[in-house]
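S.K.: curious how this folds, go ahead:
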Amino acid sequence: MIYTITLAPVLERTLDVEEFIYDDVNHVISENRKAGGKGIDVSRVIKELGGYSVALGFVGGYNGREVEGRVVSEGIVCNFTPTSGETRMDIVVNQRKKTMQTLLSAPMSPVNPIETTAFYSRIKDIPPESYVVMVGSIPEGLAQAFWAQLIAVLREKRVRIVLDADNEPLKQGVEAGPFLIKPNIHELSRLVGKNVREIEEIIEETEPLLERVEYVVVSLGARGALGLSKKERIHAVPPKVNVRSSLGAGDALIGGLVLALDGGADFREALGLGVSCGTASTLTSGYASCFRGDIDEIRKQVLMKNI
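M.R.: Numbers count the residues shown, from 1 in each chain. Here you go, the predicted structure:
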């Protein structure tokens, strides 16, 4: 069983205008609304591959109800915790004439102790041997050690935690001993306190982390991903593709990776599928959107190299 956690989902509203003119009326040509959040995007990829997951997190107000409704309408199972605050809405304005995009990002609503307790009750219901994907930012009202706290609770139940975070939440999360972490190269650099880019540098700086974490997957953009454990060092190299957007490629990678592991695949096979999903997501303009046909075609061309 796979669970994904998005602590602060967002209602994404995209508006298309011909051209944005200041101090004047701007007529919206088209509008699109969708539920956003890194964990939700992971669940989307799992569903695209025919898998099943449960999306968890906090939602509140009218925006939260719409987020929940849209997630359910996509066929994704969710068990969100209600909050008194309003789920944030991000607005993207696309200017067709200038081919420009502007993002208006709202702040995350704080979470109070009662809501935190309700969320914890859902966490404690997660059955043993499940996979739990923890991704994204931590909202106000929760400690920076929140991911680490959840890891400590779930490890006792033999739950495998996949953590994708940054800065202090990632540092403390690693200390709690998750099953797998998935930093990108910039997040890894902040974690180890040193700029790393080359494969040899990544391996050298990652090896100490394997004392606390069973697997480390470092996403490298167009260079694919490097997967490491105490027994394996694998570089998954994708084919060159015409990239439309790289936003959410890491979330797509996690979706394929975790689904494969949950289905019994070994780490090498799972890494190959993950990189295929991440690469396929760059072919679309949607955040972490990818299609099964693209994934299957790319998977045939991913080169798996032992380091």
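
S.K.: now the element after the helix or strand of the chain with the lowest mean pLDDT, going C-ward?
M.R.: Least confident helix or strand of the chain, by mean pLDDT, DSSP states H and E, is strand 100-104 with a mean of 84. Later in the chain than strand 100-104, the nearest helix or strand by DSSP states H and E is helix 113-124.

S.K.: please save the CA atoms from that next one in PDB.
M.R.: Only the C-alpha atoms of helix 113-124 are listed here, as PDB (Å, rounded to 0.1, in the frame of the first residue of the first chain):
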ATOM      1  CA  PRO A 113      -2.500  21.500  17.600                       C
ATOM      2  CA  ILE A 114      -6.000  20.000  17.400                       C
ATOM      3  CA  GLU A 115      -5.700  19.600  13.600                       C
ATOM      4  CA  THR A 116      -2.200  18.100  14.100                       C
ATOM      5  CA  THR A 117      -3.600  15.500  16.500                       C
ATOM      6  CA  ALA A 118      -6.300  14.600  14.000                       C
ATOM      7  CA  PHE A 119      -3.700  14.100  11.300                       C
ATOM      8  CA  TYR A 120      -1.600  11.900  13.600                       C
ATOM      9  CA  SER A 121      -4.500   9.600  14.200                       C
ATOM     10  CA  ARG A 122      -4.600   9.000  10.400                       C
ATOM     11  CA  ILE A 123      -0.900   8.400  10.300                       C
ATOM     12  CA  LYS A 124      -1.200   5.800  13.100                       C
END
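
S.K.: against which helices or strands is that helix packed?
M.R.: Using 3 or more CB pairs under 8 Å, 6 or more residues apart in numbering; DSSP states H and E, the elements in contact with helix 113-124 are strand 54-60, strand 81-83, helix 146-155. (C-beta placed from N, C-alpha, C; glycine too.)

S.K.: quick one: buried residues of that helix?
M.R.: Neighbour counts over helix 113-124 (16 or more other CB atoms under 10 Å) mark 115-116, 119, 122-123 as buried.

S.K.: thinking Asp41 is in contact with Asp251, fair?
M.R.: Yes: contact criterion CB atoms under 8 Å: Asp41 and Asp251 qualify, at 4.2 Å.

S.K.: just name the most buried of the helices and strands packed on helix 113-124.
M.R.: Between those, strand 54-60 has the highest mean count of neighbours, a mean of 25, where neighbours are mean count of other CB atoms under 10 Å.
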